[in-house]
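Trainee: give me the fold of what follows.
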Amino acid sequence: MPIQVLMPALSPTMEKGNLAKWLKKEGETIKSGDVIAEIETDKATMEVEATDEGTLGKILIPEGTADVAVNTPIATILADGESAADLAKAPAPAKQEKAAESAPPAAEAKSAPTPKGEPAPVAPSAVAPPDPEIPEGTEMVTMTIRDALRDAMAEEMRRDPDVFLMGEEVAEYQGAYKVSQGLLQEFSARRVIDTPITEHGFAGIGVGAAMSGLKPIIEFMTFNFAMQAIDQIINSAAKTLYMSGGQMGCSIVFRGPNGAAARVAAQHSQDYSAWYSQIPGLKVIAPFSAADYKGLLKAAIRDPNPVIFLENEMLYGHSGEVPKLDDYVIPIGKARVVRSGGHVSIISWSNGMSYALKAADELAKEGIEVDLIDVRTIRPLDTDTIVASVKKTGRAVTVEEGWQQSGVGAEIAARIMEHAFDYLDAPVARVSGKDVPMPYAANLEKLALPSVAEVVAAAKAVCYR
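Mentor: Numbers count the residues shown, from 1 in each chain. Presented below is the predicted three-dimensional model:
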């Protein structure tokens, strides 16, 4: 079977590039490591090396072609004994279409400046429509987030025999939080693997398996323990694609509870959202709703890049509606407008949405309508949705359980300043966890975390400024 040469990526976030030049011609003999073409983007140029030996059978994308999508077949290599007749057996390349030029969108009308004392009048708020991937009339099933995660893993393991789960107590004990309940019985100990208490070890095994073509799901009993494996996650998983020139991937999901639980003290309560979202090569997901947990975990398992999937222990038992579909997958990198309003944008994710939703209800009682954004994916961050919301309201509040210093809220505030400064009527406000290690005592723990009252006060402050 002819071997396809795919359009490589210069970086984990590259989506397309220009095929600048072919350095080999059809019919020429090729050795592994030979440079056969050059690709370029607006930032860099890279040589494409052959990974197999044979003859350059057919060039599928001519030189000079712009905007070739990553992973598009660009040529085929014939092995010894193969001829041009065998090219018909190779899959056809995806058709390249010129990107349509479109006029820049018209500027959105911003709400009128708010006079002190009273918010500006706006149209009544409305719940945003469901994701477009959900067909109208789809049956919704109520399930816990714990069950949504389990179903997502089970469906992907049935779909792809290369997917397997590994971690502490995921098999015989059915998961420390019962997320993997029933998976051992269905998929056997070959694909649901209990490990010793050594995160550095089993994370490294998972990274090696991913580099070899498997698709591991690595569960950390808590992301605090992932500190033991951070070298494997960052130096091995995150950097491999870039350092191999796009020729070696690492399809792996690191998942488990992140952030504060209830009375588990400082070494079990840290929020790592900002830590991992700072690393090029990683995708970072932190959902809130049951439907998002299921749809985004399925997307993470299928993604060719390493994904950090941050769950929240306090949400495992919460229930929500999940579409009853054969294959419900939510695209990574798209925020969701949970509630529409014109006075203030509140932007959050994961358990921060618990405070934001309650605060939005309290603010509505006082006539302040909230445009509530659940970012869902922290890296890549859906800047467009956030900016569109702020252009509409002119005010923004971020809500997170993590610390404020170098936090995700700080990154969101910076992007708002870069892309929507002229639309702001007040500085961006941030509500976050207090700058202390998490106390053990319940009363002090409550003080260390954000509160609904703090979100309400922050929103009022930017509205009545």
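Trainee: what's in contact with stretch 357-366?
Mentor: With C-beta atoms under 8 Å, 6 or more residues apart in numbering as the test, stretch 357-366 has contacts from 119, 125, 338-339, 341, 343-344, 346, 369-370, 372, 399, 452, 455-456, 459-460. In this view, the C-beta of every residue, glycine as well, is placed from N, C-alpha and C.
Trainee: now it: buried residues?
Mentor: Neighbour counts using 16 or more other C-beta atoms under 10 Å place 357, 359-360, 362-364 of stretch 357-366 among the buried residues.
Trainee: just stretch 218-232 next, same as before
Mentor: 218-227, 229-230, 232.
Trainee: got the end-to-end distance for that stretch?
Mentor: With C-alpha to C-alpha, to the nearest Å as the measure, stretch 218-232 spans 12 Å from end to end.
Trainee: what residues does that stretch touch?
Mentor: Stretch 218-232 is contacted by residues 165-170, 175-176, 179-180, 198-200, 202-204, 206-207, 233, 252-259, 267-270, 272, 310, 313 when judged by C-beta under 8 Å, 6+ apart.
Trainee: any figure for the gap between residue 167 and residue 177?
Mentor: 11 Å (C-beta to C-beta, to the nearest Å).
Trainee: tell me which of these two has more neighbours.
Mentor: Set side by side, residue 167 and residue 177 show more neighbours around residue 167, with 28 against 20, by other C-beta atoms under 10 Å.
Trainee: isn't the more buried one right next to residue 202, touching?
Mentor: Yes. With contacts counted by C-beta atoms under 8 Å, residue 167 reaches residue 202, the gap being 6.8 Å.
Trainee: where do the contact lists of the two overlap?
Mentor: With C-beta under 8 Å, 6+ apart as the test, residue 167 and residue 202 both reach 195, 218.
Trainee: just the strands in the stretch 151-300 of the chain please.
Mentor: All strands of the stretch 151-300 of the chain, identified by DSSP state E, counting those that start in this stretch, fall at 163-167, 192-194, 215-219, 253-257, 283-285.
Trainee: distance to residue 389 and mean pLDDT added to those, as TSV?
Mentor: Shown next, in TSV, are the strands of the stretch 151-300 of the chain (distance: least, C-beta to C-beta, whole Å; pLDDT from 0 to 100):
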stretch	distance to residue 389	mean pLDDT
strand 163-167	36	97
strand 192-194	41	97
strand 215-219	33	98
strand 253-257	29	97
strand 283-285	20	97
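Trainee: export those to TSV and tack on distance to residue 6?
Mentor: TSV is the format used below for these (distance: least, C-beta to C-beta, whole Å):
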stretch	distance to residue 6
strand 163-167	22
strand 192-194	31
strand 215-219	18
strand 253-257	23
strand 283-285	20
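Trainee: figure out which of those is closest to residue 146.
Mentor: Among the strands of the stretch 151-300 of the chain, the nearest to residue 146 by C-beta to C-beta is strand 253-257 (10.8 Å).
Trainee: how about that closest one as PDB, C-alpha atoms only?
Mentor: Only the C-alpha atoms of strand 253-257 are listed here, as PDB (Å, rounded to 0.1, in the frame of the first residue of the first chain):
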ATOM      1  CA  VAL A 253      -5.600  12.700  28.200                       C
ATOM      2  CA  PHE A 254      -4.600  13.500  31.800                       C
ATOM      3  CA  ARG A 255      -7.700  13.800  33.900                       C
ATOM      4  CA  GLY A 256      -8.900  13.900  37.500                       C
ATOM      5  CA  PRO A 257     -10.200  16.300  40.200                       C
END
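Trainee: what comes into contact with that strand?
Mentor: By C-beta under 8 Å, 6+ apart, strand 253-257 touches 149, 167, 177, 203, 206, 215-223, 226, 229, 233, 237, 297, 300-301, 303, 306-313, 316.
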